[in-house]
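> Task: produce atomic coordinates for the following.
(3 chains)
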Amino acid sequence: MREDELNQIDEEARRRGISREELLKRAAIGGLALATSGGLAQAARGAIEAKPKRGGSFRVGVAGGSAKDIIDGQDIVTNPDQARLVAGWETLLNYDKNFKLRLNGLAEEISAEKNNAAVWTIRVRPGIEFHNGKTLTADDVIYSLRRLINPKLKLFGGAALSTLSASGMKKLDSRTVRLNLKAKDVTILDSLAQYVAGIVPVGYSPNAIGKATIKQQIGTGPYKLKSFTPGQQSVHVRNPNYWRTGQPYFDQVVVIDFPDDTARVNALLGGQIDAGVQIPPAQVSVVQGHSGTKILESPTAQWTPICMRVDAAPFNDVRVRQAMRLIADRPQIVAQGLAGHGHIGNDLYAPFDVMYDSDLPQRHQDIAQAKSLLKAAGQSNLTVDLQTTNGALGQNEGAQVFAQQAKAAGVTVNVKVLDSGTFYGSNYLKWTFSTDFWGTRNYLQQVASGSLPTSPYNETHWPDTADAKFKSLYKQAVSTVDPKKRADIEHEMQKLEYDNGGYIIWGFSNFLDGYSTKVKGLIKGDKGVIPLNGFANGFRTIWFG
Amino acid sequence: MSAIAARAAAVARPRGIWGFILRRILLGLVTLFLVSIVIFAATQALPGDAARAILGRNATPQSLATLRKQLNLDRPVLDQYFSWLGNFLSGNLGHSLVANEPVTSLIGKAVENSAFLMLLAGLVSVPLAILVGSVAARRRDRAFDHATSIGTLTLAALPEFVTAIALVVLFGTTVSRILPAVSLIPPDSPPWDHLEELILPVAALTLAVVPYITRIMRASMIEVLESDYVEMARLKGLDERTVLWRHALPNGIAPTIQVIALNLAYLAGGIVVVEFVFGYPGIGAEFVGAVSNRDVPTVQALAMLIAATYVVLNVFADVATILVSPRLRTSLQ
Amino acid sequence: MSGAAATAVEAPVAAPARHRPLVVLLRRAWRQPRTKVGVVVVVLLVGTALIGPLVAPHDPAAFVGAPYSHPGSGHLLGTDNLGRDVLSRFLWGGLSILGLAAAATAIGLTLGLTVGLIAAYSRSWLDDALMRTMDVILAFPAIVLALVAIATVGPKLWLLVLAVALTTLPRVARVSRGAAVEVVERDFVQAAEALGVSRVRLLASEVLPNITSTVMVEASLRLTYAVGLIAGLSFLGFGEQPPAADWGLMINENRQGLTVQPWGVVLPVIAIALLTIGTSLIGDGLARASAGIDRGGGE
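Predicted coordinates:
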């Protein structure tokens, strides 16, 4: 059996959570011939190569964008930056369509020392080339990780990698790196799988973000950057030496900014673009009903919560927080705020995480109980301002629908729609009552980002003194390698947040992406972080058919 | 010497006109200077702090101090004003807080787009209005004239955004879908490569100014058609067509120059709403965006640009009127 | 001596004539069909704005269906971007625009008249200074001035009213000064001044009534334009904030659904259009009537 086929079998085994021997055993039982030259591998390869066709220029319209657009293998500023990043750069490992971690990236192995989540070994695949022909080595990995956590650059992906230490990175051989973390951290895998944790070559833009010239924008991704005009469009050409044989399929990809939703939809309907992401709910029926275009609706774990500061009146009284959560008629908020394109939430984030505690009973609206709680807290005719901004789908809408529902409980919520400059200005993270938006993440990662005193974006200032235990539970969880033990800890943490937390998480919006029927390869029901199947994994898993 | 005689004597003195023009231009410059003061004063009356607004969530006392120094916020207001004005005049329009790059590079293409839009609107509206006004004058008090009268009254009353939205509803989205409802021009291509996208915005601007020009044209033509001059041309035996085109029209247009120029100046403000409705990437849309984001330097620069265009066109209106109309010239001297 | 006597004789004759121009003007204006149409339209719309909230089938913030639903039972003209009843929101949405526009016009008129009258009467450096100041304000396209103010303080309703009033002021000042200058030069005013009547009294009792027709025409013009500007600023997002029901705001909020459900946009657009056309027709009728008066020399 050939080495690469063995690698594929290993990967398959790892993906299923079983050993290589077990997989071979099962395959034999299942009748798959492995003794001959790569039965399993061949079958798999065959399935992939049967349909895709090479060629064509794929034009995708993305939402937002402005003169602030950048291209950087490890950072994003505006919405369109996402598509441009994944076209040119890749991460060590990925999430699959069920939001499970998978070694389907640049690394062929990432493992912790036996039960010691503070020491990790990463080995990259052999023979992967950057766009300039240079081979990917351990030096590049170390450089990339160091750049990600460089405090001067403040990269988007760096915040989650707080346990990485620049001095703790050691090169073991040309393809292997040893990481000595500052503390035990099982979430390091999630952090390395973020799409913004791209691997860049040594010397890539060391001191600035998005200032590299076209020639310097080097990654391992399926497309090379050809041209870029911020606020308008970028052109990416096929990487002929891409390491996954056969991919990508398009000759080039054009990413076009469309700050106006109507313009994006019209461009899709008119055939000027082959896909348009983030179609407004109002236009879904138009795109679906138009011949030649379809809607891809995908579930996400992205949420636009209403945030209550647990350390400021009136929400420092846990009864008031609980009352507000009982006011929310979640199905109605999803129906009116997202036009039905989403699923309801239970005041807990990270629903895709295996550790999400689905046993906690789903909260429903209970105005009577809310009123009695408010009365007990002496806040019967509460009036509050709710600061919000037009950041993401559902952010304003959720606030407005909630405000309307609050009237039934005698609570007056004054929704203040601020421009983003003011909202994210000096008072951001200080508002007593506000909204925000978060992408899809797993539980512990999200806790680090927003639910600890050390988190960069803790809107609710959780935990309050009564729930201080949360912090130590977190420390325990990140150092526990055993999934069963960790599950118990994570469930305990979630129970605290479920009972006393400052978030009203009413639901999660779906991705609504429009695409031309010419485009093949898109998967339904993909649980992704960024739209259009993660922009088709860097535009490499779709083709024109 | 009687006043009339004095004036008659003065006809032979060309210095008077140029003196007027010079004074008018000077007055325009003074106005611009005062406008700049108003803009600067208004925008500097910020309740917050520009440095805080930029740094937002990343603000530390040290980074605030550094940025304040960079933005000259620590210098006296008068100092700041003069340095802003000096910069503006030398082509440095300031640094956008939101885009974090010079305003000039931000709006370069936008200026071109807006200029082209205004030019097209002018090229369409002026001949159209002159034509309609003349025909209405010719067919005075008849069906066409009445229809025109109602039409211009209606259009003049409507706010531009109403006209613009109505056009979108009629031709772009609802009643019919024959024209693009949004006019996004890609950055690397010139606006004249996308004429179809320009039809509705130009129409909106045209409908905003045509009524006024039409009305003045009609009034002017009525006067001309009743004048001795035209009477004489008719008596000379010239056919009606020649009378109209060669004799009546040129004289009819002269008094309307001022209104025409004033309306073209008005377009400088009209593009703010129209560009927003159509998503047209011009300075009007940039201006609304800058106001939304409280991007003070960009607001200052664009307000100054738009106001300057307006003032310049106004000065031009006055100067052109004087140059074109002999009667007014004499009355000046 | 004889001059004083002549003035004494003239004064009582002038007194009754002073009050007649206004009534005469209105009567003449009303006789024209366009004024009638204008008044009917404006009354209808003001009525809708005032009575609308009382007859609206739903609370303007209540949810009655899925967003952008087509007209159906429970929502006669469909729903808006959040699923609220378009008809109800429309019925509630005129008050703020009318109120703000009326307030801005009233303030602008008052201030403009004051400035214009003072300028006309003083005919000195004060006149020049005031008018130059007016020129500076007029040097801005109105919307730019309003937006610059909003850029600093933010979208506050009182700022909106003040900004629009500010743009109204110079135009009223110019027109009223122009009309007042003519009156100020007339004999009876000179005579009254010679008699020692205080300037303020003169302005109020002699000059003001005689420029009524001009002012009224200008007032309706300014109102038309104030409605347009306020609605426009609301449309841009700088006026009433969500979830308020406001015609200008509604137009922008529901633009996304134009291809699916146009009523959220079309209804307020028609309302604003009719309102501005109506006030404009009234103004035009007044203008024609006052021109008639001037030519006829008063009755």
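> elements contacting the strand or helix carrying B:N87?
Element membership of B:N87, judged by DSSP states H and E, is helix B:77-89. Packing contacts for helix B:77-89, counted by 3 or more Cβ pairs under 8 Å, 6 or more residues apart in numbering or on different chains; DSSP states H and E, involve helix B:15-44, helix B:296-324. Any C-beta I mention is one placed from the backbone N, CA and C, and that applies to glycine too.
> buried ones in it?
Within helix B:77-89, the residues scored as buried using 16 or more other Cβ atoms under 10 Å in any protein chain shown are B:Q80, B:Y81, B:W84, B:F88.
> next one: stretch A:169-179
Buried positions in stretch A:169-179, judged by neighbour count with 16+ other Cβ under 10 Å: A:M169, A:R175, A:T176, A:V177, A:R178, A:L179.
> Same question for stretch A:105-119.
For stretch A:105-119, the neighbour count (16+ other Cβ under 10 Å) marks A:G105, A:L106, A:A107, A:E108, A:E109, A:I110, A:A112, A:A117, A:A118 as buried.
> before we move on, the earlier item: so, in contact with chain C or not, the helix or strand just after the helix holding B:N87?
Next in sequence after helix B:77-89, counting helices and strands by DSSP H and E, comes helix B:103-138. No - on the criterion Cβ under 8 Å from any Cβ of the partner chain, helix B:103-138 is out of touch with chain C, staying 12.4 Å away.
> Tell me how many other residues crowd the residue in the stretch 151-299 of chain C positioned nearest to chain A.
Closest to chain A within the stretch 151-299 of chain C is C:G257: 4.4 Å, counting by Cβ to the nearest Cβ. Neighbour count of C:G257, defined by other Cβ atoms under 10 Å in any protein chain shown: 26.
> cool, and the one 4 residues further on?
Residue crowding around C:Q261 was assessed by other Cβ under 10 Å; the count is 25.
> Provide a list of residues in contact with it.
Applying Cβ atoms under 8 Å, 6 or more residues apart in numbering or on different chains, we find C:Q261 in contact with A:A282, C:Y68, C:S69, C:H70, C:G78, C:T79, C:D80, C:V86, C:N254.
> And A:D311, its phi and psi?
Dihedral pair for A:D311: phi -110, psi 20, per degrees, to the nearest 10.
> could you point out where the stretch 401-545 of chain A is predicted with low confidence?
Residue ranges of the stretch 401-545 of chain A with pLDDT under 70: A:420-422.
> need the residues of it near chain C, please.
Residues of the stretch 401-545 of chain A lying close to chain C (Cβ under 8 Å from any Cβ) are A:V401, A:A403, A:Q404, A:V415, A:K416, A:V417, A:T422.
> Please report the distance of the first one from C:L229.
From A:V401 across to C:L229, the span is 32 Å (Cβ to Cβ, to the nearest Å).
> which one of the two has more residues nearby?
Of the pair A:V401 and C:L229, A:V401 is the one with more neighbours under other Cβ under 10 Å, namely 28 against 24.
> Would you confirm that the more buried one contacts A:I333?
Yes - between A:V401 and A:I333 there is a contact under Cβ atoms under 8 Å: 4.7 Å.
> Could you double-check that C:A179 lies in contact with C:T214?
Yes - with contact defined as Cβ under 8 Å, C:A179 reaches C:T214; the gap is 4.1 Å.
> So these two - more neighbours on which side?
C:A179 (23 against 20).
> Provide a list of residues in contact with the more buried one.
Counting by Cβ under 8 Å, 6+ apart, C:A179 makes contact with C:N210, C:I211, C:T214, C:V215.
> The buried residues of stretch A:169-179 also near chain C: which ones?
For chain C, no contacts are drawn from the buried residues of stretch A:169-179 by Cβ under 8 Å from any Cβ.
> What sits closest to the residue in the stretch 1-150 of chain A that chain C sits nearest to if chain neighbours are left out?
When scored by Cβ to the nearest Cβ, the stretch 1-150 of chain A has A:A63 as its residue closest to chain C, at 12.7 Å. With Cβ to Cβ, 6 or more residues apart in numbering or on different chains as the criterion, A:A63 has its nearest non-adjacent residue at 4.3 Å, and that residue is A:Q278.
> quick one: the host helix or strand of A:M324 to chain centroid distance?
Assigned by DSSP H and E, A:M324 belongs to helix A:318-327. Relative to the centre of its chain, helix A:318-327 is centred 29 Å away, using Cα atoms, centre = their mean, to the nearest Å.
> same deal with stretch C:188-204?
Using Cα atoms, centre = their mean, the mean C-alpha position of stretch C:188-204 is found 30 Å from that of the whole chain.
> Then stretch B:192-201?
For stretch B:192-201, the distance from its own C-alpha centre to the chain's C-alpha centre is 19 Å (Cα atoms, centre = their mean).
> One more: stretch B:231-238?
That offset, for stretch B:231-238, works out to 40 Å (Cα atoms, centre = their mean).
> host element of the closest residue in space to B:G151 that isn't next to it in sequence?
Residue nearest to B:G151 in three dimensions, not counting chain neighbours: B:P211, with 7.5 Å by Cβ to Cβ, 6+ apart. Secondary structure assigned from DSSP H and E places B:P211 in helix B:195-225.
> which element follows that helix toward the C-terminus?
Taking DSSP H and E, what comes next after helix B:195-225 is helix B:228-235.
> Buried residues of that following helix, list them for me.
B:V230, B:A233, B:R234.
> just stretch B:186-206 next, same as before
So, applying 16+ other Cβ under 10 Å, buried residues of stretch B:186-206: B:187, B:191, B:194, B:197-206.
> what about that stretch and chain C, touching?
No - using Cβ under 8 Å from any Cβ, stretch B:186-206 stays clear of chain C, coming no nearer than 12.6 Å.
> Alpha carbons of that stretch, as PDB, please.
The C-alpha coordinates for stretch B:186-206 follow below in PDB (Å, rounded to 0.1, in the frame of the first residue of the first chain):
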ATOM      1  CA  PRO B 186     -17.100  49.500 -10.100                       C
ATOM      2  CA  PRO B 187     -14.100  51.500  -8.900                       C
ATOM      3  CA  ASP B 188     -11.800  50.800 -11.800                       C
ATOM      4  CA  SER B 189     -14.200  51.700 -14.600                       C
ATOM      5  CA  PRO B 190     -15.400  55.200 -15.500                       C
ATOM      6  CA  PRO B 191     -19.000  56.200 -15.100                       C
ATOM      7  CA  TRP B 192     -19.500  56.600 -18.900                       C
ATOM      8  CA  ASP B 193     -19.100  52.900 -19.400                       C
ATOM      9  CA  HIS B 194     -22.300  52.400 -17.400                       C
ATOM     10  CA  LEU B 195     -24.700  54.700 -19.000                       C
ATOM     11  CA  GLU B 196     -27.700  52.400 -18.300                       C
ATOM     12  CA  GLU B 197     -27.100  52.700 -14.600                       C
ATOM     13  CA  LEU B 198     -27.100  56.400 -14.900                       C
ATOM     14  CA  ILE B 199     -30.400  56.800 -16.500                       C
ATOM     15  CA  LEU B 200     -32.600  56.900 -13.400                       C
ATOM     16  CA  PRO B 201     -30.300  59.200 -11.300                       C
ATOM     17  CA  VAL B 202     -29.900  61.600 -14.200                       C
ATOM     18  CA  ALA B 203     -33.700  61.500 -14.600                       C
ATOM     19  CA  ALA B 204     -34.200  62.300 -10.900                       C
ATOM     20  CA  LEU B 205     -31.800  65.200 -11.000                       C
ATOM     21  CA  THR B 206     -33.300  66.500 -14.200                       C
END
